[in-house]
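Novice: The sequence isn't on hand, but the structure is:
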């Protein structure tokens, strides 16, 4: 079965699993691709950071808030987003990408097709903008419209602290957000129109 998939390998190069894109575009469906139906989270081991839980959502998946939420609920701290994105332009791109990070208190690392240095960017082309967005929605590193590499250091041990987030004093945003969730009331989210 042909699928749009992201593969995970450990630092020694051993295959550890795959994520198969859940939300296929119409052209992907017409080409016979088969949608995935799970949201796996993978443990990656780093010498300095220890175990880091990561998930991935591919291209069109970004448009569905449930994609990032499912990965965050499963414990992902970092979400990878490989894409070839142009769609509705930069304002929408930034709003959606940042909201996935903020709503789920995760880092979002996106990789998008960028413009070559000697090529003019025009509407409809890939936006580029590969980079890293923090859990508070700030862009930590970005390539701009051009092909390149975005690098930053993530401190996963440092919580996003907020004041007056439904509690007295200072609170850990992620812990408070998960504590206040009411999944028993979310049944309607599975409804079809």
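Specialist: All right, it came through fine. As the structure is a computational prediction, the values presented were derived from the model and not from experiment.

Novice: helices and strands around the helix or strand bottoming out on mean pLDDT in the chain, which ones?
Specialist: Within the chain, judged by mean pLDDT, DSSP states H and E, the helix or strand with the poorest mean is strand 161-163; its value is a mean of 79. Contacts of strand 161-163 with other secondary structure elements, assessed using 3 or more CB pairs under 8 Å, 6 or more residues apart in numbering; DSSP states H and E, are made with strand 170-172, helix 173-180. Glycine gets a C-beta too; all of them are placed from N, C-alpha and C.

Novice: I'd like to know which of these is closest to residue 26.
Specialist: Nearest to residue 26 among the helices and strands packed on strand 161-163 is helix 173-180; the distance by CB to CB comes to 33.9 Å.

Novice: re earlier: mean neighbour count and distance to residue 37 added to the helices and strands packed on strand 161-163, as a markdown table?
Specialist: Rendered in a markdown table, the data for those read as follows (neighbours: other CB atoms under 10 Å; distance: least, CB to CB, whole Å):
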| stretch | mean neighbour count | distance to residue 37 |
| --- | --- | --- |
| strand 170-172 | 15 | 32 |
| helix 173-180 | 14 | 24 |
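
Novice: Determine which of the ones you listed approaches residue 97 most closely.
Specialist: Proximity of the helices and strands packed on strand 161-163 to residue 97 was assessed by CB to CB; the nearest stretch is helix 173-180, lying at 18.1 Å.

Novice: now for the longest helix along the chain, which elements pack on it?
Specialist: Counting residues, the longest helix in the chain under DSSP state H turns out to be helix 90-104. For helix 90-104, the elements it packs on are helix 65-73, strand 78-83, strand 107-112, strand 131-133, judged by 3+ CB pairs under 8 Å, 6+ apart.

Novice: shaky segments in this structure?
Specialist: Along the chain, the model assigns pLDDT under 70 to residues 87-89, 122, 124-125, 164-165, 190-193.

Novice: No further queries at this time; thank you.
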